[in-house]
Structure formats: structure tokens, C-alpha cells
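> Test case, fold it:
(3 chains)
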Amino acid sequence: MIHLFTDFGLEGPYLGEMAAVLRRAAPEIPVVNLMADAPAFAPRPAAYLLTALAERLELGDVLLGVVDPGVGSERRPVAVEADRRWFVGPDNGLFELVARRAAVVRGFVIAWRPSQLSASFHGRDLFAPVAACLARGGTDGLRPEALTRFPDWPDDLAEIVYVDRYGNAMTGLRAASLPRDAVLLAAGRRLVHAPTFSAVQPGDPFWYANSSGLAEIAARDASAAALVGLGVGTAVGVVLR
Amino acid sequence: MIHLFTDFGLEGPYLGEMAAVLRRAAPEIPVVNLMADAPAFAPRPAAYLLTALAERLELGDVLLGVVDPGVGSERRPVAVEADRRWFVGPDNGLFELVARRAAVVRGFVIAWRPSQLSASFHGRDLFAPVAACLARGGTDGLRPEALTRFPDWPDDLAEIVYVDRYGNAMTGLRAASLPRDAVLLAAGRRLVHAPTFSAVQPGDPFWYANSSGLAEIAARDASAAALVGLGVGTAVGVVLR
Amino acid sequence: MIHLFTDFGLEGPYLGEMAAVLRRAAPEIPVVNLMADAPAFAPRPAAYLLTALAERLELGDVLLGVVDPGVGSERRPVAVEADRRWFVGPDNGLFELVARRAAVVRGFVIAWRPSQLSASFHGRDLFAPVAACLARGGTDGLRPEALTRFPDWPDDLAEIVYVDRYGNAMTGLRAASLPRDAVLLAAGRRLVHAPTFSAVQPGDPFWYANSSGLAEIAARDASAAALVGLGVGTAVGVVLR
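Residues are numbered from 1 along each chain as shown, chains lettered A, B, ... in the order given. Predicted structure coming up:
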């Protein structure tokens, strides 16, 4: 299975053109659009979100990840094999947490170039053909080479990394790293843990372990983002009792 | 074929994660995203919309319906077989009209539980695996049991149940239940019937039988919702001559 | 492969219902949603965008194009074979540029009618079954007949035809038709060429050859549409040195 993780948005021809390349090159491989509204041009928060979602990948799966503000510049195109899942995209930290958390990691630079490479759409022209090849078991055009690493990035990111359409605000903190009596601080507000929406009163913001394993700030029947004042990048404090 | 009908929105990872489960469990079954912007947290209007769209299901098809404000509470997960189409989702009335209008109905509670069940995402963890199983002809983990019924809900709902991006406002009234000279009243405005957009003057709101068989309030080259003042939940009156 | 090009938007049941017809009639043919936000009700700008995207179609591919303000009126449903790619949709100019630029073109009227034809959704009821048939190699229900032609439409359209979510504004001008030292004029602003985003300073609008071969007005780390004041239909001047 090939999973798409991009900041392309759902509008316009971008996702469709990339999907067409994948379906053409690997018609027997299912393609799933995991998300198209990853933090735009922001590989750092995107990396924490990507890694949480990648927990559900299975052996041989490929995640095609494109959050790529440097497209057209000198940043390298790479592939990463992490515990026998593949990740394809730009060498800008998007796969830093995947690489850091995996038991067995191998980095590759994509040496192959298509006959036509647009300056602005490597997702379609470069990454998609490589992702299709990897999903079919090939490793053509890859050259073993160390990824650029980002050792100063934390293991968990105490920031909002995504706000969904209902105003639920995901942090870059793994919920399993927090005791249940931890209090989160965000935008001047104290947020205690609740197991799920139905356990709190309407309008009361709280935090809980979301379905991707991240600590998420939510409110019942209300937008926590609007209520508390949260957006991608808002800092989150953690108070341990 | 598996049809998705949810209020998840198209953004975020929710649809993609659910699709990944379906494609993994039933790779040979096509999955179609019927709509992801069903009335949010509102099973009652959603039920009328779902039932209209479900007219196009064929024998053996499965509709995975998730409009589920009670996720994480005690509401039961259910499956409904209605005239040999399957419906999977929460027991909150979402399938009330499907059940009411079908000639042969059987209700089931989903007794099966996955090894990992998140508190907030039963669409992915519980309903999708069951939908995939049903689409392949299995009925594992289902226990015959009566659905919760909603006898006070009307057979047709005289309210707006959906407004599309062009401002066309669908009611919960089956067009076939209305004579062509019926007048609809909404937000203080009288709306007469026209067969289609090209039969009226630009800017004139009217009602017509839409492509799902519902009475829909529309305007040529304009947003009927903006023009008349309509949103999900707006009451609609019916004047029969 | 079947490519969808519509102004339906991603919301609502429209894309899903059309995809369901295609998957049912031609389960072995991949369906890709190329774009659902083509210029609404505007076949002329849509035609230039469609033609640029259609460059990537391969032999035997089908593009189902629906930008159809005249649905329900007397406009004819047509199919066009252009250099062995098929195009299916309304006879309103949407395929004018495809036909004009192809070496070998054949026009057909769709004489077939389904048993149930809604007044407002020919994409689902009429065009999708024909597209599925063509994708499988059939030409049932087509009658050779000349398309309506639009000889007064220019070969390249000096207007904005699409603005993406990041504010990049595509023109209807093929980049290959412009020398690299051409200056574009739009909304009172002079825009010079740059090869790609990373070649300019943040906030400086410029034009470049986008990944579909169109001249596109963009700005690094900013919305060119907001910065310059561009929308679909904005006129663009070309100054050749």
C-alpha cells in the first residue's frame, strides 16, 4: 500500500496527477490519501504528525511524504527504510522522527532522474515513480547514503502540529509519554486529562490520547482551538505532578 | 462496493486511515467516498440524506455510515441488512429511514471488538473491519438484535438537510411525495416547482426533484441558500393546492 | 485510466456518485480525480486548463470533463477522440483547445440515453457510463458528428484560469509560447521570469513555467494572488522585448 502525506491541499490537480503516476506505474498497489493538509512548508511539525500516523504502516508499505519548501533548490531527494517500511521524499527532516524511533534504519539518496523533471513538482515527477517502484519491491536508482539528521529536534514536540476541522488540536507529544495526571498548558489555559469526549461537560477543553497516539486538546461540542486559542505552532507546556 | 458516508470532512487523516483499513482487509472491493460532509454530529437530518443516496446501492453493497456524536459512550455499534444492502455504523437513528423503508430488514449488534479500539475513532477501528467483512460476504461477529427505533421521526423531513457548495439546499422531503404544484415555504419565501435550472430566470429560487430524488431549493446562477437564507435545520413548509 | 475534471467541488455526494458508476461499470480501470475545482460554470478558462493537464494522458485514456452550466438545456453531450485519447462531456467549448491542438480529431454526439436521466446530473447518469465504455474500448451509442467549434477563442488565453490554495495563479498561456525575457502585466504589476521559487526573494512575485506547462504567476513564501490582486478571469498582458 502507498500512503500519501502532503501539504498539497485537496484542491487543484496536484494530488490527482501524483495518483495518476502511481496508478500507472503500480496498478496493483492500493493508494491511500492519508492527509493532504499537513503543516504547509513546515517539515518540523509535519515530521511528528507523520511519525504518529506511520505507526499503522505494515511491512512493505510506502509512505510518500511531500512537505517540501525547498523544491527546486539543492535539497536531496531521499528514501528511508525504517523497520521495513519505506519513506520517500525530501531530505529536510520530514523523516527525522521515523528514522530516530526505528530499530533498523537505512538511508538512500535518489540518484535516478526522470527524463522530464519539473522544477516545482517533484512529488509527481520524482518521488511518485520511486514510491511505485519501492511498493513493487524494487530499489532501482537508490544509492545508500546518510540522511541529514536534526539532532536538536526533541523526541516529542511540545507544540500544536495540527488542528482538524472541528477544532481539535493535536500536539507533537506522544500520549504514552505523559502520565494521565499530567496537566498541559497552552495559551494560558490549564488542560487536564479525560479519557474521551463523552467523559467531560460540553464546552470544557481537555486533553486525551487521540486515535494516532498523540496528546490532543479537544472540547466536547466545541472547537478547542477557538476556545483556547490554538494554532499550528502554539507552544504547549507540560506540568508533571 | 463499499460506500463511505461520514461527517469527518475531507481534511485530516480520518478518511485516509479508514480507507487504508478497508483496502487492506478487502483489496478486491472498490471503496467510494460518497460524502464526508454529512450534517455534523446530527444523525437525524443525516438519516434522510443517507437514505436518499442509498437508493443507488446494489445487492451486496455496504454503506459505512459514521455520524456519531456518541462515540466513546454506551451507544451500540450496529449493522443493518435492508433489502440485501448492508449498513454499518452507530445505533443512533442514522439508519432509521433505511430500516423503515425497506421491505426486509434485519438488525445486528456488532459483538466483535478489535484488539486495539481507540475511544474516538470507531470508524477506523470497529466499523471499517466489519464493513470489509460484510462486503466479502462474511457476517462474523454480528449478533441478531433489534435496532433502537425512532418512531417519532417523520417519514419525510420538512427541513434543509444539506447545502452544497453552490448554495443548493436539499430538503429531507422525497420529491415523489410532492405534487408538482406544491409550494414550499422556507425563511418566509414561497418556492414553486420548476423541472430544472434552465427553466427559470437567473436569480429566481425554485424547487425541483434533485438527482437523489429529494426536493431541493435552488436558484439559477446564484446561491439559493444565500438568497433565501437557508441552512441545515431550516424548517420547510409544504402548501398543497 | 479515467481522469475526472469537474467543477463539482470535493464536497457533497457528486464526485462519489460519479465514481461509483465508473467503478461499477469498469472495475478494472483506475479512476483518478484530476481536479474538482475547475473554473465553475466557465467552460472557456476551464478549456485551457484542461488541455494543459491532458498533455499527460496516455493512449486509450479517457478524460471525463464536466463544466456544464447548460445541463438540462439543449446543449449536446459529446465525445471527442483526439490523438487516441478520449474526452467526454458537454459540447460547450470545454474540449475546443484539445480538438484544436490535436493532429487527428474525431467528434461524436452521444446518442445513447440511460433508462433514468436526471435533469441536473448528466455527469453521473450519461457521461460516466459512456466514459467507462470508452475506457474499456467500446464506442457504443456514439454517432460521428462535428463538435460545435469556437474559432474566436485564442490559441492561448491571456487570463488567469486557476488560483491554487497557495495563491499561485495559472494563466491560460503556454509557457513554451513565451520567450524567457517576456514580461507579464497583471493588475498593474510587471512580472519577470524566474526558473523557480528558490531563485527569487521571499515576497517577490514572478512568472515561471509551471508543472503543467502553463505560465504561472507566483511568489516565494507568499500568495501571488493576494499580493498582486489576481483571480480567475484577471487579464494578463504580455510584453515581448
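> show me the contacts for the residue located most distally from the centre of chain A.
Largest separation from the mean C-alpha position in chain A: A:Q201, at 31.2 Å (Cα atoms, centre = their mean). Going by Cβ atoms under 8 Å, 6 or more residues apart in numbering or on different chains, A:Q201 touches A:R220. For glycine as for every other residue, the C-beta is placed from the backbone atoms N, C-alpha and C.
> Reduced to three states, what does the spatially most central residue of chain A come out as?
Residue closest to the mean C-alpha point of chain A, counted by Cα atoms, centre = their mean, is A:L50 at 1.9 Å. Of the three states, A:L50 takes helix according to DSSP: H, G, I helix; E, B strand; the rest coil.
> give the contact list for it.
Taking Cβ under 8 Å, 6+ apart, we find A:L50 in contact with A:F5, A:A38, A:L63, A:G65, A:L94, A:F95, A:L97, A:V98.
> mind redoing it with 6 Å?
Applying Cβ atoms under 6 Å, 6 or more residues apart in numbering or on different chains, one finds that A:L50 lies in contact with A:F5, A:G65.
> and what of A:D125?
Residues near A:D125 by Cβ under 6 Å, 6+ apart: A:P114, A:L117, A:S118.
> let's see it at 10 Å
Taking Cβ atoms under 10 Å, 6 or more residues apart in numbering or on different chains, we find A:D125 in contact with A:E17, A:M18, A:V21, A:R113, A:P114, A:S115, A:Q116, A:L117, A:S118, A:A119, C:S211.
> Wait, a helix at the fourth one?
If I follow you right, that is A:R113. No. Read with three-state DSSP, A:R113 is coil and lies in no helix.
> Quick check: it vs chain B, distance?
A:R113 is 29 Å from chain B, where distance means Cβ to the nearest Cβ, to the nearest Å.
> wait, what's in contact with that residue?
A:R113 sits next to A:P77, A:D125, A:L126, A:G141 when contact means Cβ under 10 Å, 6+ apart.
> Please check the residues you listed and keep the buried ones.
For the contacts of A:R113, a burial check counting by 16 or more other Cβ atoms under 10 Å in any protein chain shown picks out A:P77, A:D125, A:L126, A:G141.
> any idea whether the third one is helix, strand or coil?
For A:L126, the secondary-structure state derived from three-state DSSP is helix.
> Which one of the contacts of A:D125 sits in the busiest neighbourhood?
A:M18 (25 neighbours; other Cβ atoms under 10 Å in any protein chain shown).
> I'd assumed A:R124 was in contact with it.
Yes. Using Cβ atoms under 10 Å, A:M18 is in contact with A:R124, at 4.8 Å.
> Let me know the closest of the contacts of A:D125 to chain B.
Nearest to chain B out of the contacts of A:D125 is A:M18 (Cβ to the nearest Cβ; 14.1 Å).
> That closest one belongs to a helix?
Yes. Membership of A:M18 in a helix is supported by three-state DSSP.
> Contacts only, for it.
So A:M18 contacts A:4, A:6, A:8, A:31, A:33, A:64, A:66, A:121, A:123-125, A:127-128, A:131, C:32 (Cβ under 10 Å, 6+ apart).
> ok, now A:Y162?
Contacts of A:Y162 (Cβ under 10 Å, 6+ apart): A:35, A:37-39, A:45-46, A:48-49, A:52, A:168-172, A:210, A:212, A:214, A:216, A:232, B:11-13.
> go with 6 Å
A:L49, A:M170.
> Kindly state the pLDDT recorded for the residue nearest to A:R143 when sequence neighbours are not counted?
If the residues on either side of it in the chain are set aside, A:R143 comes closest to A:A111, at 4.5 Å by Cβ to Cβ, 6 or more residues apart in numbering or on different chains. Note for A:A111: predicted pLDDT of 98.
> same deal with the one 3 residues further on?
In this model, A:P114 is scored at 97, pLDDT.
> before we move on, back to that, what's the farthest-apart pair in the contacts of A:R113?
Using Cβ to Cβ, the contacts of A:R113 span at most 13.2 Å, a distance reached by A:D125 and A:G141.
> Roughly how far does the residue nearest to the centre of chain A sit from chain C?
According to Cβ to the nearest Cβ, A:L50 and chain C sit 20 Å apart.
> How about A:L126?
11 Å.
> Also A:A135?
Separation of A:A135 from chain C (Cβ to the nearest Cβ) stands at 15 Å.
> and what of A:V163?
16 Å.
> now swap in A:R56 and tell me
24 Å.
> is it fair to say that residue lies in a helix?
No. Looking at A:R56 with three-state DSSP, it is coil, so not inside a helix.
> And it, how far from A:M170?
Using Cβ to Cβ, to the nearest Å, A:R56 is found at 15 Å from A:M170.
> The two - which one has more neighbours?
Taking other Cβ under 10 Å, A:R56 and A:M170 do not tie; A:M170 has more neighbours (26 against 19).
> so what pLDDT did A:V78 get?
For A:V78, the predicted pLDDT is 98.
> I'd guessed A:R220 sits against A:T196; true?
No. Between A:R220 and A:T196 there is no contact under Cβ atoms under 6 Å: 9.3 Å.
> The contacts of A:M18 in helices, which ones?
A:A128, A:A131 (DSSP state H).
> so which of the contacts of A:M18 comes closest to chain B?
Taking these together and measuring to chain B by Cβ to the nearest Cβ, the closest member is A:N33, at 5.1 Å.
> who's that closest one bridged to?
Beta-bridge partners for A:N33, by DSSP bridges, are A:L4.
> That one and A:V66: what is the separation?
A:N33 is 12 Å from A:V66, where distance means Cβ to Cβ.
> picking up where we left off before, okay, who's weakest in the buried ones among the contacts of A:R113 by pLDDT?
For the buried ones among the contacts of A:R113, the pLDDT minimum is A:G141, 95.
> so where does A:T139 fall, helix or strand?
Assigned by DSSP states H and E, A:T139 belongs to no helix or strand.
> and it, how many neighbours?
For A:T139, the neighbour count with other Cβ under 10 Å is 15.
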